[in-house]
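# Predicted model follows, preceded by the sequence.
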Amino acid sequence: MLLQLYSLIIISLDFCFMVCKALVMWLCIFYRTLFPAELKPISGKIVLITGAGRGIGREVALQFAQLGCLIVCWDINLEAAQETAKEVEAIGGKACAFHCDVSQQQDVEEKAKQVKKVVPHVDIIINNAGIMPCHPFLSHSIQEIDRCIDINVKGCIWVVREFLPGMIERKQGHLVSMSSIAGAMGCENVVPYSASKFAVRGMMEALTEEMRRDSRNLDIKCTTICPFVVDTGLCQRPRVKFPSFLRVTNVKDAASIIVRAVRRGDTLVFMPEYVYYFWLLIKILPSQVYDYVVDFFDTGLEPHDE
């Protein structure tokens with residue numbers, strides 16, 4: 001009896017200590033939200049960007065280059081990747097370009113070997129390559145679904161698999177993957193895409209935990225980016241009832257958010273950034289209330305023109 005009482009007291013004290021420590025940590029995080037820490041310098045870092053030939057990928061390359069990073073551009077369109085590299089060099093940066101189909105594991109492995117011959121290592125990975133077929137679920141072909149998963153999910157896995165060992169060896173690095181608001185909450189007309197982006201977010205959460213619990217004291221950060229709609233042309237027909245709240249993010253702002261997230265070491269970032277708090281709020285609502293709120297905002301994606 002006394003032993004049981006003692007165990008109960010110890011468990012209660014441990015629980016109280018955990019709650020108090022968690023509260024202090026939460027207050028520190030809230031303080032840092034109001035008063036962000038100084039962004040860490042990244043000059044001299046080597047950044048590999050998939051889907052670097054256009055849109056967010058190209059703009060991220062330019063902004064990292066402006067901060068003194070060396071850029072490795074990967075894209076399935078070699079000419080587009082080379083054009084990005086030229087734009088980086090035009091602003092005084094250094095860049096190289098490679099053709100790579102990230103959906104093909106052997107191609108990723110081969111291009112990774114080529115990269116390692118050109119640069120000593122890769123410090124930061126930006127998994128940006130992706131596709132978004134947009135129409136009702138039963139209208140998606142088997143080939144379309146396969147390609148969506150192969151590029152959006154497997155592509156991230158193959159790239160991380162090639163460069164993570166080097167980061168572990170150096171005990172530092174940063175992995176960034178593009179998810180989506182559709183990877184945080186279900187969205188009509190993009191079921192395979194939504195599934196792929198949920199998978200990316202899950203992969204990054206699991207990697208974060210694996211790196212955090214590794215006994216080698218690794219300083220390897222994992223960042224997941226969840227945009228609403230970015231003005232890249234990928235989302236052809238967004239439906240937005242309140243554009244002043246859920247606004248379309250332009251490419252330059254999107255790239256700035258990604259670069260800032262890397263420099264702050266953020267784990268999960270939404271675009272616009274305040275949508276993160278809205279998402280936290282609605283996810284704790286009962287399903288009927290959640291549906292009502294979602295219907296009220298009436299935001300989604302209309303099927304793309306064939």
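Done, it's in.

# use CA for all of it now, contacts and neighbours both
Noted.

# which intervals of this structure have sub-threshold pLDDT?
1-2, 6, 29-35, 235-236, 305-306 (pLDDT under 70).

# Run the chain-centre distance for the longest strand seen in it.
The strand spanning the most residues in the chain, taking DSSP state E as the definition, is strand 219-227. Counting by C-alpha atoms, centre = their mean, to the nearest Å, strand 219-227 is centred 5 Å from the centre of its parent chain.

# who does that strand pair up with?
Paired strands of strand 219-227, with direction, are strand 172-178 (parallel), strand 268-271 (parallel) (DSSP bridges).

# For the longest one, what is the distance to the chain centroid?
Right, strand 172-178. Centre-to-centre, strand 172-178 and its host chain are 8 Å apart (C-alpha atoms, centre = their mean).

# thinking again about what came up before, list the helices and strands the helix or strand just after the longest strand of the chain packs on?
Following strand 219-227 in sequence order, the next helix or strand is strand 238-239 (DSSP states H and E). With contacts taken as 3 or more C-alpha pairs under 8 Å, 6 or more residues apart in numbering; DSSP states H and E, strand 238-239 sits against strand 300-301.

# Go ahead and name everything in contact with the strand it packs on.
Residues external to strand 300-301 that are found in contact with it (C-alpha atoms under 8 Å, 6 or more residues apart in numbering): 134, 187-190, 235, 237-240.

# Stretch 68-88 too?
Contact partners of stretch 68-88, identified using C-alpha under 8 Å, 6+ apart, comprise 42-54, 58, 61-62, 64-65, 93-102, 115, 129.

# sorry, back to before: highest neighbour count among the contacts of strand 300-301?
C134 (24 neighbours; other C-alpha atoms under 10 Å).

# tell me the helices in this structure, going along the chain?
2-34, 55-66, 78-90, 105-118, 142-149, 155-170, 191-213, 251-264, 275-283, 287-297 (DSSP state H).

# Quick one: closest of the ones you listed to V230.
V230 sits nearest to helix 251-264 of all those, at 6.3 Å, using C-alpha to C-alpha.

# Tell me which residues are up against that closest one.
Residues from elsewhere that reach helix 251-264 (C-alpha under 8 Å, 6+ apart): 37-42, 55-57, 59-60, 63-64, 174, 176, 223, 225, 230-232, 267, 269, 271.

# pretty sure M167 is in contact with P120, am I right?
No - counting by C-alpha atoms under 8 Å, M167 stays clear of P120, with 11.6 Å between them.

# Have a look at the two and say which one is more surrounded.
M167 (20 against 10).

# Next one: the nearest residue to the more buried one once chain neighbours are set aside from A81, what distance?
Leaving out its chain neighbours, the residue that sits closest to M167 by C-alpha to C-alpha, 6 or more residues apart in numbering is G173, at 5.2 Å. For G173, the distance to A81 equals 23 Å [C-alpha to C-alpha, to the nearest Å].

# The two: who's more crowded?
A81 (29 against 22).

# Leaving out the residues flanking it, which one is nearest to the more buried one?
G53 (4.3 Å).

# and the one you found, backbone torsions?
The phi/psi pair for G53 (degrees, to the nearest 10) reads phi -80, psi -10.

# Now for it: which residues touch it?
73-75, 77-84.

# Let's see if you can find the most crowded of those.
W74 (31 neighbours).

# neighbours of C20, just the number please.
Number of residues near C20 (other C-alpha under 10 Å) recorded here: 12.

# Report the separation between the residue nearest to M167 and Y292.
For G173, the distance to Y292 - C-alpha to C-alpha - is 42 Å.

# The longest strand of the chain vs helix 155-170, what angle?
With axes from the mean of the first three to the mean of the last three C-alpha atoms, to 10 degrees applied, the angle from strand 219-227 to helix 155-170 works out at 160 degrees.

# hey, C-alpha coordinates of strand 219-227 in CSV?
The C-alpha coordinates for strand 219-227 follow below in CSV (Å, rounded to 0.1, in the frame of the first residue of the first chain):
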residue,chain,number,x,y,z
ASP,A,219,22.1,19.3,-35.7
ILE,A,220,19.9,18.4,-38.7
LYS,A,221,16.8,20.5,-39.1
CYS,A,222,13.7,19.5,-40.9
THR,A,223,11.2,22.1,-42.2
THR,A,224,7.8,21.5,-43.8
ILE,A,225,6.2,24.3,-45.9
CYS,A,226,2.5,24.3,-46.3
PRO,A,227,1.4,27.0,-48.8
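
# distance between the ends of stretch 226-238?
Note: stretch 226-238 ends 16 Å apart using C-alpha to C-alpha.
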